[in-house]
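In: coords please:
(one chain, ligands or ions: 1)
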Amino acid sequence: MSTVYFDGRQEKRVERYTKFWQKDLISESEADIKNRLDKYTDVANGLFHFSCRRLRRAQTTRRSGYYDGATELYEYGWAESFHFSRFYEGEGFAASLARNQHYLAAYMGLRPGMKVLDVGCGVGGPARGIARFSDVQIVGINNNEFQLGRARRYTEKAGLSDQITYVKGDFMKLSEQFGDNSFDAVYAIGATVYAPTWEGVYGEIFRVLKPGGVFGVYEWCMTDAWDPSNPSHKELARQIEFGSGIPELRTLKVARQAMKNVGFQIEHDEDLAARPDEMPWYYPLEGDIWKAQTAWDYFTIWRMSWSGKLVTHSVVKSMEWFGLLPKGTWEVGESLKVAGDALVKGGQTKLFTPMYFMIGRKPAVANCGAVRY
Ligand SMILES: C[S@@+](CC[C@H](N)C(=O)[O-])C[C@H]1O[C@@H](n2cnc3c(N)ncnc32)[C@H](O)[C@@H]1O
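Out: Residues are numbered from 1 along each chain as shown. Predicted structure coming up:
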């Protein structure tokens, strides 16, 4: 019997997150990848065993996961929006995250009154930003109960509960949950990379969009320069996967083809990380406080520095020991460190992008429902 905690974090098994990866990431086999793809919800949202007695006042059987452990670390170390963004010199960290969201909303042509789906909405940071910017009605879907609870709380505090609602669900079953032709627009920020196949999730998005509707996505991809037969390239991808709870990273060519395969007309596609920005998207992860663009950002960047990480991880370990944080949080923090270093390397070498930007249109007369991936 496992446990569901009062805040939505859940326990099902004692197995650890790391069991899905070989210790030596370079020796990963096709079978390991297939196993992760088969258990894609477990990889992101189903792995942690919590021993916190204070949290144990709870009901019965369901799951917890990577995001039960990582969510508070993301919020503390980054923001309520769990995505990367482009920076211009002098631009503050929060302003840059907001600009990245507004860029997507503007490109998609979101207009007041539209019904919009946020796929893999996290704790709702982007939904709140886009709701304010575009005056649209948003439904956020996420399969992590803990994040949904926080999303609802923050949204109520922001006075946006009449504009944004949140539902629990799997983005591989959107049409089952919402029905075909339900939304004017759909967006996904750094979330659909968790899907076992892009055809699967893009196909579901295609179905729930009304004919003529628009889909905008910031996708995490390996770039076309990435060569899986090169051991160091392969290891880089595995480190990002392991540190971020992603079953398998794929190339942007595969993402573009998947959009076409499910029926989208691609109106724009571009790797925004390839733009010659003076401040690269990964600069906050480098932990170099001298690069902070505003006084407030010193603290954000410091948290990513070696001393910041040392302090965070010592505090997390102690809180875990005293039962104030779920067991496993420290271990997720360790995997996040692996991801941080690998993401910087991926950015510097341009082998990885967290912002392959695609805008797809469902044709006004679409053969919806013919193909299910
Ligand atoms: C990196 S976070 C991005 C969150 C949000 N888009 C943001 O930018 O703040 C990825 C999100 O995808 C969600 N997710 C992963 N697999 C999912 C699935 N199968 N169905 C629904 N949501 C999923 C995770 O729970 C998490 O909230």
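
In: Longest strand of the protein, counting residues only.
Out: strand 209-222 (DSSP state E).

In: Are that one and the ligand in contact anywhere?
Out: No: against the ligand, strand 209-222 shows no contacts by CB under 6 Å from any ligand atom, the least distance being 8.1 Å. C-beta coordinates here come from the backbone N, C-alpha and C atoms, glycine included.

In: Could you give me the buried positions within that strand?
Out: Neighbour-count burial for strand 209-222 flags 209-210, 213-222 (criterion: 16 or more other CB atoms under 10 Å).

In: Also stretch 147-158?
Out: 147-152, 154-155, 158.

In: Below-threshold pLDDT in the stretch 251-373 of the chain: ranges please.
Out: 366-373 (pLDDT under 70).

In: in it, which spans are strands?
Out: 265-271, 352-361 (DSSP state E, counting those that start in this stretch).

In: can you tell which of those strands is closest to Leu37?
Out: For these, the distance to Leu37 is smallest for strand 352-361, at 19.3 Å, taking CB to CB.

In: Which strands and helices lie in contact with the closest one?
Out: In terms of contacts (3 or more CB pairs under 8 Å, 6 or more residues apart in numbering; DSSP states H and E), strand 352-361 is packed against helix 93-108, strand 209-222, helix 231-244, helix 252-262, strand 265-271, helix 329-349.

In: Deepest in the core, which of these is it.
Out: Stretch with highest mean neighbour count among the helices and strands packed on strand 352-361: strand 209-222 (a mean of 23; mean count of other CB atoms under 10 Å).

In: Which positions in the protein make contact with the ligand?
Out: 41, 44-45, 67, 81-83, 120-122, 125-126, 141-144, 147, 170-172, 189-191, 194.

In: Of those, just the buried ones, ChimeraX syntax please.
Out: To isolate the buried ones among these in ChimeraX, judged by 16+ other CB under 10 Å, type:
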select :41,44,45,67,81,82,83,120,121,122,125,126,141,142,143,144,147,170,171,172,189,190,191,194
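
In: can the strands of the stretch 251-373 of the chain go into TSV with extra columns for distance to Ser314?
Out: Shown next, in TSV, are these (distance: least, CB to CB, whole Å):
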stretch	distance to Ser314
strand 265-271	38
strand 352-361	28
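
In: Out of those strands, the one nearest Thr294 is which?
Out: Each of the strands of the stretch 251-373 of the chain has some distance to Thr294 by CB to CB; the shortest is strand 352-361, at 21.8 Å.

In: Give me the sheet partners of the closest one and which way each runs.
Out: Sheet partners assigned to strand 352-361 using DSSP bridges are listed as strand 209-222 (antiparallel), strand 265-271 (antiparallel).

In: Identify all contacting residues around the shortest one.
Out: If I follow you right, that is strand 265-271. 107, 214, 221, 223, 252, 256, 259-260, 353, 355-363 (CB atoms under 8 Å, 6 or more residues apart in numbering).

In: try 6 Å this time
Out: 256, 259, 353, 356-361 (CB atoms under 6 Å, 6 or more residues apart in numbering).

In: Extract the C-alpha trace of it and format it as PDB.
Out: In PDB, the C-alpha atoms belonging to strand 265-271 read as follows (Å, rounded to 0.1, in the frame of the first residue of the first chain):
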ATOM      1  CA  GLN A 265       0.800  23.300 -41.700                       C
ATOM      2  CA  ILE A 266       4.000  24.700 -40.300                       C
ATOM      3  CA  GLU A 267       3.900  28.500 -40.400                       C
ATOM      4  CA  HIS A 268       7.200  29.100 -38.700                       C
ATOM      5  CA  ASP A 269      10.000  27.000 -37.300                       C
ATOM      6  CA  GLU A 270      13.200  28.300 -35.900                       C
ATOM      7  CA  ASP A 271      15.800  27.400 -33.400                       C
END
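
In: Okay then, goodbye and thanks.
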